[in-house]
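**Q** Model the structure of this input:
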Amino acid sequence: MRRKQISRTTAETSIEMDFSIDGKGETNIQTGVGFFDHMLTLFTKHGLFDLTVKCDGDVEVDQHHSVEDIGIVLGQAFYESIGTKEGIDRYATISIPMDEALSTVSIDISGRPFFVYNVEGLKDKVGEFDTELVEEFFQAFVSHAKVTLHINLQYGKNSHHIIESIFKAFGRSLNAASTINPNIKGIPSTKGML
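**A** Model (predicted):
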């Protein structure tokens, strides 16, 4: 089973995570940031991953350290649980609508971290959540998962809907790219490694 448990403690956060690629969408998420819990639940449910995460962070300062550090740990968990990458589909592009918003997420499980984020027009906050942290989360994930990730908002007005469409598309695309395809033999690269 492609699964990883990680503990990470810094002066700013203490995180316990259990992540499984081959899951059923089961969650137990307690980050201390309500809107972010909701987004991670959507990512997990629509990606058919299993995710348990408990974060004790310095949210009295702000939400930045908790959100970014969870991105780091989730990236590490994905990188370590994906294994040799033999037989995976590797690539995926998924577009997800959420009411008036439409986002597209493209991923390459390449071994090369690269991040493109074309999302304009978010309000500064959704409730108490700082929307600039969406980009910070994904940058942290990409750096540690060693994947190429492109997030493009086609259109949308409601910031909650926009971010929700992004997290759902992220879950679906990561699931599709990490799926083992019986027709693919070995590493899906002409280099022979990823």
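**Q** ok, residue 82 touching residue 20?
**A** No. Residue 82 is beyond contact range of residue 20, at 11.4 Å (criterion: C-beta atoms under 8 Å). In this view, the C-beta of every residue, glycine as well, is placed from N, C-alpha and C.
**Q** and for these two, which residues touch both?
**A** Residues within reach of residue 82 and of residue 20 at once, by C-beta atoms under 8 Å, 6 or more residues apart in numbering, are residue 2.
**Q** In contact with the nearest residue to residue 97 once chain neighbours are set aside, which residues are there?
**A** Nearest non-adjacent residue to residue 97, counting by C-beta to C-beta, 6 or more residues apart in numbering: residue 165, 6.4 Å away. Residue 165 sits next to 96-98, 101-103, 153, 156 when contact means C-beta under 8 Å, 6+ apart.
**Q** quick one: average confidence on the strand or helix carrying residue 165?
**A** Assigned by DSSP states H and E, residue 165 belongs to helix 159-178. For helix 159-178, mean pLDDT rounds to 98.
**Q** same check, this time on stretch 94-101
**A** Stretch 94-101 carries an average pLDDT of 98.
**Q** Please spell out which residues along that stretch are buried.
**A** For stretch 94-101, the neighbour count (16 or more other C-beta atoms under 10 Å) marks 94, 96, 98, 101 as buried.
**Q** Greatest separation within those: which pair is it?
**A** The largest distance within the buried residues of stretch 94-101, taken as C-beta to C-beta, falls between 94 and 101 and amounts to 14.2 Å.
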